[in-house]
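> here is the input, now give the coordinates:
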Amino acid sequence: MRRTRRQLTLLPGLLAAALLAACASTPEDSGSRSSARKAAELNTQMGREYMARGQYEIALEKLKKAVAAEPDFAPAHTMLGVLYETIGEDENAGKHFREALRADPDNGDVNNNYGSFLCRNGEGRKADRYFEAALEDPFYRTPAVAMANAGACALQRGDMDKAEGYLRQSLTYDPHFPDALLSLAELSYERADYLRARAFLQRYEAGGEMTAASLLLGYRVESGLNNIEQAGRYRNELIQKFPAAAETAEAQGNTSG
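Down below sits the predicted model:
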């Protein structure tokens, strides 16, 4: 069966923000921190805010100031990795994700972010150990995300059994985590288990935001079940909500098989 072209969800930007927030909330007396650490934290925070507004040049300036103030400040390196990847400079992105890992090798967010980067750059098997390392951090707050990312990564490379294991592990941490549910729906579709795919997709739809990818998958699942009416509803919603999306063109071209 031809694999879907959906780019599976990975969350480096979100987790970079979570990493920064975790750092900012560390119960450390502000008077005991060095001025260098304060400068690194402030510039990283500003860099993240400028990134969120799409002001990448200013964000880069602030983040460079952060690592200049404190070269071993992992959140700044993480944000630089996210920024460089966003603007298409993957070599620099990888460098800073690795610097974050060197600075804080046991941090769950750092390991998950680097694993995500490796997966997006075709090194999915290498990424697995970083996703798994994330779970070894007793203070890591989002293990469901790391396992969903690991599952999505395994699914991308066609390792169905490993993908299912990771994704089900994600759901043990958060039974409603939408990324894991959507990936399990896709995995079931790939196995031509359309009823199970429908069940996972319905669980996703109960709590997740409808996307072009999820609507296309719904269209394909219902087509596989020969439910032409429901398939048509998915297709029409896809056209209405995402008229310019690649998924819409695929559905309009009847390329669901």
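> and T211, backbone torsions?
phi -120, psi 170 (degrees, to the nearest 10).
> contact partners for it?
By CB atoms under 8 Å, 6 or more residues apart in numbering, the contact list for T211 is empty. For every residue, glycine as well, the C-beta is placed using N, CA and C.
> cutoff 10 Å now
R6, T9, P178, L182, Y204, L217, L238, K241, F242, A245, E247 (CB atoms under 10 Å, 6 or more residues apart in numbering).
> so which of the residues you listed sit within helices?
P178, L182, Y204, L217, L238, K241, E247 (DSSP state H).
> got the contact list for the fourth one?
For L217, the contacting residues are 4, 6, 182, 185-186, 188-189, 197-198, 200-201, 204, 211, 234, 247, 256, taking CB under 10 Å, 6+ apart as the criterion.
> switch the cut-off to 7 Å
L217 makes contacts with T4, A185, E186, Y189, L201, as judged by CB atoms under 7 Å, 6 or more residues apart in numbering.
> which among those residues gets closest to S35?
E186 (49.4 Å; CB to CB).
> in the stretch 51-200 of the chain, which spans are helices?
In the stretch 51-200 of the chain, the helices defined using DSSP state H, counting those that start in this stretch lie at 56-69, 74-86, 90-103, 108-120, 124-134, 143-156, 160-173, 178-190, 194-207.
> F139: how many residues sit nearby?
For F139, the neighbour count with other CB atoms under 10 Å is 9.
> closest one of the contacts of L217 to D159?
Closest to D159 out of the contacts of L217 is E186 (13.6 Å), distances taken as CB to CB.
> where does the stretch 151-257 of the chain dip in pLDDT?
For the stretch 151-257 of the chain, the stretches flagged by pLDDT under 70 are 254-257.
> ok, the nearest residue to E164 once chain neighbours are set aside - contacts?
Nearest residue to E164 in three dimensions, chain neighbours excluded: L187, at 6.0 Å (CB to CB, 6 or more residues apart in numbering). Contact analysis of L187 by CB under 7 Å, 6+ apart lists L155, M160, A163, E164, L167.
> quick check: ChimeraX command selecting the buried ones in the residues you listed.
Buried subset of those, written as a ChimeraX selection, criterion 16 or more other CB atoms under 10 Å:
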select :155,163,164,167
